[in-house]
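J.: Prediction below, plus the sequence it came from.
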Protein chains: 2
Amino acid sequence: MEKLTIVKVGGKIVEEEQSLNQLLTDFKSISGNKILVHGGGRTATAIAAQLGIETKMVDGRRITDKPMLDVVTMVYAGLVNKNIVAGLQAKNCNAVGFTGADMDIIRAFKRPVKEIDYGFVGDVAEVNTRELSYLLSQNIAPVIAPITHDGKGTLLNTNADTIASELAISLCSDYNVTLVYCFEKDGVLSNPDDEKSVIRELDRESYRAYLADGTIAAGMIPKLETAFRALNSGVNMVLITNAKNLTKPAATGTVVRR
Amino acid sequence: MEKLTIVKVGGKIVEEEQSLNQLLTDFKSISGNKILVHGGGRTATAIAAQLGIETKMVDGRRITDKPMLDVVTMVYAGLVNKNIVAGLQAKNCNAVGFTGADMDIIRAFKRPVKEIDYGFVGDVAEVNTRELSYLLSQNIAPVIAPITHDGKGTLLNTNADTIASELAISLCSDYNVTLVYCFEKDGVLSNPDDEKSVIRELDRESYRAYLADGTIAAGMIPKLETAFRALNSGVNMVLITNAKNLTKPAATGTVVRR
C-alpha cells in the first residue's frame, strides 16, 4: 500500500507568519501522499472579540452559538485555509482546501445537549474519502479546515484532532497511514515543567499507567484517546511532536503504538 | 460535447436566506454539468464596517487593502461559499467550494497601479480546469468564490463576472458552455426605469448601437464586455437574467449572441 501522512497542526503554528512558512516548507518535503488538517482558534477568538462576540470555552472546547459559528466558518474555512493553500502553491506544492461540507467529506451531528450546550459543535458521523483519494493520486494535497456539516444545510464546528483521526481511519484501508499531531511541545511530557521529559513511546498499557498516576492529564487525554482510536482502527502509527520537528517526528517526539 | 451551465449570481441573492434557498433549488434543477460562481460584497461591507474597516469603491470596484483582503477572504471563501455548499448538500446536490488558489484553478496578477491603486485586486492570468472537469464527471458541482492567487502566496480579490467568463472560456473546448449572469433585474433594460423593457437579444452590432445612444451604460458595460469576450472565445451562449428566472433564462432574459 502507498504511504499517506496526515498532519494536524494547532492554531498557533498556522497563525504566525514565520512558523507557518516553516511548517509549509516542512509539509511540502514530506514524500508521498499527504493531508494537512489545521486549527485557527486564536484568530477566531481575536476576530470574534473585534466583532463584539465573547468567546466561551469549556474544558478547552469552544461554545459555538450562531454568531461564533459564522466567525469560525470565516476564519477556519476562509482566512486560515486559503492562506495555507496559497502558501503551499507558492512552494510548488499543489493543494486544495476543504471543509467537511465540500464533496460531503465529513458529515456530523450536532452534539446533544447534556450538562453543557456546546451549540453548533459537530461530532463526526460519516467520512467519505473517495474524491480525496483521487486528488491524492493527482499529487494534490488536501488542506482540511475543522468545519463539518449535518447534511441538512448547517455547518458545525468540529475538533481538528478528531477530524485528523477520522480521516486517518477512513483512509487506512487504502493507504499505509501515519498520523502526526504537531503542537508547541516536543511530545507527550512525563513532567510538564521539563520540556526534555518526552515520553518516547506510549502504548495502551503505559498510557493507562500514566493516566492512573496523573502524569498524563487535561488536554492531552482527548488527543491520546483519538490517537488510540485511530490505531485500533488500522492506522499504522501516531506521532505527537513539535511542529518544528515535522521532518523527523519519530526521532524526537512521542511514538504512540497499539 | 456535453452541456455545461456556468451560473454567476450577485451578492444580494446569496446573502438573503429566502432568495438563496430558491437559487439553490433552481441551480440543483439544472440538468447536466454545472458550476456556480458567487459574490458576497454586501456581507463583506457589513463585516468590514463591524471591524472598523471602511469600504472604498471606485466605479463599483472595491479598493482592497490588506485588512479588506482578509475580510473578503473570510466572507467570500468562508462564510458565503461554505453556506452555499452546505445548502446544496442539503438538497442532495453534491458540491465543492473553491477559490482560484485551490488546485491552482485561477492564477492572477495584482492589478498595476495607474490612476487608481485597487490594492489586492487580481486580473486573471491563467485558468487550469483539468480537475474541475474530473469533478464534473463525478456529478459534483464546483462553487467558486471570487478570490484568486498570484502563485507567490498572495490571495487577490477578483471580479466574479470575470471569473465566470474566464472559466467558461477555459472549459468551452471540452463542453458546450452556456454562461448565465443572474442579477436583480429581468435582463438588460432599454429603459432603466421600466422593468419590462428587457432587450431580448443582443449581438455585437446592436450592443454598439445601444452604447452609442447611451441606452447601455455604467455597470452593464463591463458585464457585457466579459459576455462578448466569452462568446468570441467559443462559449455557446450568454444569458443575462433575473435569478428568479434561472430555470427559464432564455425565455425571459437577454440572450447575448456573437
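T.: Sure, I can see it.

J.: drop to CA atoms for contacts and neighbour counts, all remaining ones
T.: Will do.

J.: which residues does the residue in chain A that chain B sits nearest to contact?
T.: Relative to chain B, the nearest point of chain A is A:Gly78 (3.9 Å; Cα to the nearest Cα). A:Gly78 makes contact with B:73-79, according to Cα atoms under 8 Å, 6 or more residues apart in numbering or on different chains.

J.: That one: what secondary structure?
T.: Reducing the assignment to helix, strand or coil with DSSP: H, G, I helix; E, B strand; the rest coil, the entry for A:Gly78 is helix.

J.: Check the spacing between it and A:Ala44 real quick.
T.: For A:Gly78, the distance to A:Ala44 equals 11 Å [Cα to Cα, to the nearest Å].

J.: likewise A:Arg62?
T.: 10 Å.

J.: Strands of chain A, residue ranges please.
T.: Using DSSP state E, the strands found in chain A span residues A:2-9, A:33-38, A:57-58, A:61-62, A:95-98, A:106-110, A:122-127, A:141-144, A:147-149, A:155-157, A:175-183, A:201-202, A:237-242, A:254-256.

J.: pLDDT averaged over the longest one - what is it?
T.: Spelled out, that is strand A:175-183. On average, the pLDDT along strand A:175-183 is 95.

J.: Okay, now the sheet partners of it, with direction.
T.: Paired with strand A:175-183 in the same sheet, following DSSP bridges, are strand A:2-9 (parallel), strand A:237-242 (parallel).

J.: Can you report how many residues lie near the residue lying closest to A:Leu202 once chain neighbours are set aside?
T.: Leaving out its chain neighbours, the residue that sits closest to A:Leu202 by Cα to Cα, 6 or more residues apart in numbering or on different chains is A:Val256, at 4.8 Å. A:Val256 sits with 24 neighbouring residues when counted by other Cα atoms under 10 Å in any protein chain shown.

J.: A:Asp194 now?
T.: Other residues near A:Asp194 number 9, with proximity taken as other Cα under 10 Å.

J.: can you check the one 5 residues further on too?
T.: By the other Cα under 10 Å criterion, the neighbourhood of A:Ile199 contains 17 residues.

J.: what residues are up against it?
T.: Going by Cα under 8 Å, 6+ apart, the list of residues near A:Ile199 reads A:187-190, A:253-254.

J.: One more pass at 10 Å, please.
T.: A:Ile199 sits next to A:186-191, A:252-256 when contact means Cα atoms under 10 Å, 6 or more residues apart in numbering or on different chains.

J.: Weed out the non-buried ones from those residues.
T.: Neighbour counting with 16 or more other Cα atoms under 10 Å in any protein chain shown marks A:186-190, A:252-256 as buried within the contacts of A:Ile199.

J.: Now do the helix or strand of chain A with the lowest mean pLDDT: which elements does it pack against?
T.: When the helices and strands of chain A are scored by mean pLDDT, DSSP states H and E, helix A:249-252 comes last with a mean of 78. Here helix A:249-252 is seen to pack against strand A:175-183, strand A:237-242 when contacts are counted using 3 or more Cα pairs under 10 Å, 6 or more residues apart in numbering or on different chains; DSSP states H and E.

J.: Mind exporting the C-alpha coordinates of the shortest one to CSV?
T.: Pointing back at strand A:237-242 there. Written as CSV, here are the backbone C-alpha positions of strand A:237-242 (Å, rounded to 0.1, in the frame of the first residue of the first chain):
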residue,chain,number,x,y,z
MET,A,237,1.4,4.9,13.6
VAL,A,238,0.6,8.0,15.5
LEU,A,239,3.3,10.6,16.3
ILE,A,240,2.9,13.5,18.7
THR,A,241,5.7,16.1,18.0
ASN,A,242,6.8,19.6,17.9
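
J.: Show me what stretch A:54-65 is in contact with.
T.: Residues from elsewhere that reach stretch A:54-65 (Cα under 10 Å, 6+ apart): A:41, A:44-46, A:48-49, A:53, A:67-72, A:116-121, A:156-159, A:218-219.

J.: any common contacting residues for A:Arg62 and A:Ala44?
T.: Both A:Arg62 and A:Ala44 are contacted by A:55, A:68, under the criterion Cα under 10 Å, 6+ apart.

J.: the more surrounded of those two?
T.: In this comparison of A:Arg62 against A:Ala44, neighbours counted by other Cα under 10 Å, the higher total goes to A:Ala44 at 24 against 20.

J.: For that one, which residues are in contact?
T.: For A:Ala44, the set of contacting residues under the criterion of Cα under 10 Å, 6+ apart consists of A:11, A:50, A:55, A:68-76, A:79-80.

J.: One more: A:Ala86?
T.: Counting by Cα under 10 Å, 6+ apart, the residues that A:Ala86 touches are A:92-97, B:99-104, B:148-155.

J.: before we move on, what about A:Lys196?
T.: Contact partners of A:Lys196, counting by Cα under 10 Å, 6+ apart, are A:185-190.

J.: which phi and psi does it have?
T.: Main-chain torsions, A:Lys196, degrees, to the nearest 10: phi -90, psi 0.

J.: confidence score at it?
T.: If you check A:Lys196, the pLDDT there is 91.

J.: how much space between it and A:Val188?
T.: Where A:Val188 is concerned, A:Lys196 sits at a distance of 10 Å (Cα to Cα).

J.: do the same with A:Ser31
T.: A:Ser31 sits 25 Å away from A:Val188 when distances are taken as Cα to Cα.

J.: quick one on the thing from earlier: let me know whether the residue nearest to A:Leu202 touches A:Met237 as I believe.
T.: Yes. In this structure, A:Val256 is within contact of A:Met237 by Cα atoms under 10 Å, at 6.6 Å.

J.: Name the residues contacting each of the two.
T.: For the pair A:Val256 and A:Met237, residues contacting each of them under the criterion Cα under 10 Å, 6+ apart are A:179, A:227-228, A:231, A:250.

J.: So which of these wins on neighbours?
T.: Neighbour tally across these (other Cα under 10 Å): the maximum, 29 neighbours, falls on A:Ala227.

J.: In space, what's closest to that one - neighbours in sequence excluded?
T.: Beyond its immediate neighbours in the sequence, the residue positioned closest to A:Ala227 (Cα to Cα, 6+ apart) is A:Val238, lying 6.2 Å away.

J.: same question, A:Val72
T.: Spatially, and ignoring its direct neighbours in sequence, A:Val72 is nearest to A:Ala44 (5.7 Å; Cα to Cα, 6+ apart).

J.: Do you know the pLDDT at the one you found?
T.: Model confidence at A:Ala44, expressed as pLDDT, equals 95.

J.: Ok, A:Ala86 next?
T.: Here the pLDDT value assigned to A:Ala86 is 98.

J.: can you check A:Ala218 too?
T.: According to the predicted model, the pLDDT of A:Ala218 comes to 80.

J.: List the contacts of it.
T.: Under the criterion of Cα under 10 Å, 6+ apart, the contact list for A:Ala218 reads A:59-60.

J.: sorry, back to before: can I get the contacts of A:Gly78 in TSV with pLDDT?
T.: TSV is the format used below for those (pLDDT from 0 to 100):
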residue	pLDDT
B:Thr73	98
B:Met74	98
B:Val75	97
B:Tyr76	97
B:Ala77	98
B:Gly78	98
B:Leu79	97
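
J.: now these in TSV, with distance to A:Glu16?
T.: Below are those laid out as TSV (distance: Cα to Cα, whole Å):
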residue	distance to A:Glu16
B:Thr73	17
B:Met74	17
B:Val75	21
B:Tyr76	23
B:Ala77	21
B:Gly78	20
B:Leu79	23
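
J.: Determine which two of those residues are furthest apart.
T.: By the measure Cα to Cα, these have their two most distant members at B:Thr73 and B:Leu79, which lie 9.1 Å apart.
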